[in-house]
Each structure stands twice: as structure tokens, then as C-alpha cells.
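>>> What follows is a protein structure lacking sequence information:
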């Protein structure tokens with residue numbers, strides 16, 4: 001029986017494993033994809049205290065190596081079920097079950113789509129959620145980024161260095177992103193802002209995205225534009241569906257928890273973007289991870 005099983009290998013989950021291992025607890029981290037979570041998609045992290053600049057991918061690699069050096073096992077399998085038992089929990093991981101006295105949920109979030117017809121089939125065929133991963137596929141072409149938050153602005157800035165032009169499409173008349181990012185993007189000659197505009201359909205040819213049908217929400221004007229690549233940055237969804245009603249959640253699927261990391265279920269703790277919180281940044285994720293680990297350790301010791 002493990003002391004602590006961590007679900008999710010992003011900054012919150014890895015930091016939780018780091019603190020728990022240093023406290024002498026037996027820890028396993030379960031990650032369904034690759035370690036690092038959303039931060040690996042950030043080409044440049046410049047707001048982490050003590051580190052002037054580092055790529056998200058490099059940061060994730062350093063943190064993962066630090067955790068594994070303490071003897072923590074990172075298991076690359078998807079957690080599909082969690083059941084309460086008298087002395088802890090039984091967790092279904094891949095084709096097996098693992099018993100743990102406590103569980104730290106650091107499940108993170110997944111990208112949202114626009115919900116347009118054919119969207120699922122177009123991912124990877126001219127439609128992407130990751131500018132860093134797929135920007136090279138439309139190098140020298142015109143690209144579109146849909147969204148209005150920090151990620152959308154960062155994607156547009158990154159793509160501007162490899163694409164002929166970047167059109168940033170937002171449904172409102174002002175961006176939600178940091179003003180610093182907005183100013184930085186506005187100063188790039190090949191980035192164009194398209195406000196008050198929604199996407200009505202993907203234009204395709206032979207199964208790949210070739211452009212977008214756009215509508216101005218104020219004038220009603222409908223236009224079609226050609227793009228070599230379309231990148232979505234329209235929000236995220238917490239990955240907590242497998243929990244059923246074991247842990248209390250918001251209607252949107254976020255775990256009810258605060259900086260104490262406590263959930264409404266004894267022995268289960270929450271950390272990172274999967275929980276209710278105002279700010280979702282790298283610094284708050286690692287803070288959550290530390291709080292969750294220390295809370296779990298106190299619970300076990302008591």
C-alpha cells in the first residue's frame with residue numbers, strides 16, 4: 001500500500017511528489033501523457049521567480065529529473081477509476097489496480113474546441129492546440145489563432161517568427177490577456193488583430209483545414225479567409241470525469257478546494273489547475289503541489 005498516489009504529472013503533481021518524497025513517504029505519480037502538463041507548450045517562461053527565462057519543456061524536464069532522483073516512480077498510465085476503501089483507496093491505473101492511503105489529484109486541464117462540425121477529425125490536419133508543437137507545419141504560410149487570453153497572444157507571437165502572417169481572432173472587442181502581451185503582439189508587424197469575430201465553419205480540402213468562415217458579431221458580415229494552419233486557444237476543461245461523485249465539483253468539473261488542498265472527501269487532496277481558483281499560473285501550480293503534499297503528510301502522520 002502506497003502512502004500517496006499522485007494523479008497527474010504536471011508542475012503541481014511533480015511538486016507534490018517532490019515534497020512527499022522528501023518527507024519520507026512512498027509516492028507514485030500517474031501521468032497519462034508526458035510529464036510537464038500545459039507548461040511544456042510554453043516556448044518561454046519569464047515569470048518564474050529566480051529563473052530569468054527557460055522553456056516550459058526544459059523546466060518540466062528539470063523538475064521531473066529532480067523528482068525521480070528521490071526515488072519517485074512516474075507511471076505512464078491513465079487513471080480511470082478511484083474507489084474509497086476502509087484503509088484508503090483503490091485506484092485503477094491502466095489494466096491494474098493500485099492501493100494508496102491518500103490520493104493527490106493534480107489532473108490538470110485539457111484544451112477546449114469550438115464544437116464545430118468535423119472538428120475532431122481535423123485535429124492534426126491543419127488544426128492544432130499547440131503552436132510550439134505544430135507551428136513548423138505552416139512555416140512561411142498565413143496562420144490563424146483563435147482566442148483572447150494569454151495563451152492566444154503567446155501563440156500569435158511565437159507563430160509570427162515562422163509564419164508569413166498571423167491573424168488573431170477574438171469574439172470580443174478586447175483581449176483578456178496581460179496588457180504586456182497585447183502590447184508586444186501589437187508591435188509585431190505581421191500580426192493582425194480581428195476583434196468581434198467568431199468562427200462559423202472550418203474550410204477544408206481533402207480532409208485538411210484550408211481556412212475559416214468568419215462572422216462579425218456586430219455587423220453580421222460573413223467572410224472566408226484562407227490559412228495554412230489554425231490554432232485554438234479558447235479555454236480548457238478539467239480532467240476529473242473519472243471521479244464520479246466521490247469528490248465534490250463545480251458544474252464545470254473543477255474540484256472544490258482552496259490553498260489548504262483539502263477536498264470534501266477525507267484522504268483526497270487537490271492541487272493545480274483542476275481545482276477552484278482565481279489564478280492558474282506555474283507559480284500557483286507548484287505552490288498548490290507543496291500545500292497538497294504537506295496536507296497529505298499531516299493526514300498520514302496523524
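Right, received. Where do you want to start? Worth saying up front: this structure is predicted, and the values here are computed from it rather than measured.

>>> To what extent is residue 250 buried, counted in neighbours?
Residue 250: 12 surrounding residues under other CB atoms under 10 Å. (Each C-beta comes from the backbone N, C-alpha and C, glycine too.)

>>> dump the residue contacts of it.
By CB atoms under 8 Å, 6 or more residues apart in numbering, the residues touching residue 250 are 256, 276.

>>> any idea which helix or strand carries residue 285?
Using DSSP states H and E, residue 285 falls within helix 282-301.

>>> mind listing what's buried in that helix?
Using 16 or more other CB atoms under 10 Å as the burial criterion, the residues of helix 282-301 that qualify are 282, 284-297, 299-300.

>>> ditto for stretch 188-208
For stretch 188-208, burial by neighbour count (16+ other CB under 10 Å) applies to 191, 193, 194, 195, 197, 198, 199, 201, 202, 203, 204.

>>> Distance to residue 57 and pLDDT for these - can I get that in JSON lines?
Formatted as JSON lines, the buried residues of stretch 188-208 follow (distance: CB to CB, whole Å; pLDDT from 0 to 100):
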{"residue": "191", "distance to residue 57": "24", "pLDDT": "98"}
{"residue": "193", "distance to residue 57": "28", "pLDDT": "98"}
{"residue": "194", "distance to residue 57": "30", "pLDDT": "97"}
{"residue": "195", "distance to residue 57": "32", "pLDDT": "98"}
{"residue": "197", "distance to residue 57": "32", "pLDDT": "98"}
{"residue": "198", "distance to residue 57": "32", "pLDDT": "98"}
{"residue": "199", "distance to residue 57": "29", "pLDDT": "98"}
{"residue": "201", "distance to residue 57": "34", "pLDDT": "97"}
{"residue": "202", "distance to residue 57": "29", "pLDDT": "98"}
{"residue": "203", "distance to residue 57": "32", "pLDDT": "97"}
{"residue": "204", "distance to residue 57": "31", "pLDDT": "97"}
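
>>> For residue 234, state which of those residues is nearest.
Of all those, the one with the least separation from residue 234 (CB to CB) is residue 199, at 9.5 Å.

>>> quick one: the closest one and residue 116 touch, right?
Yes: Residue 199 is within contact range of residue 116, at 6.9 Å (criterion: CB atoms under 8 Å).

>>> beta partners of residue 74?
For residue 74, the beta-bridge assignment (DSSP bridges) gives partners residue 29.

>>> neighbours around it, how many?
Residue 74: 19 surrounding residues under other CB under 10 Å.

>>> Show the pLDDT at it.
pLDDT, residue 74: 96.
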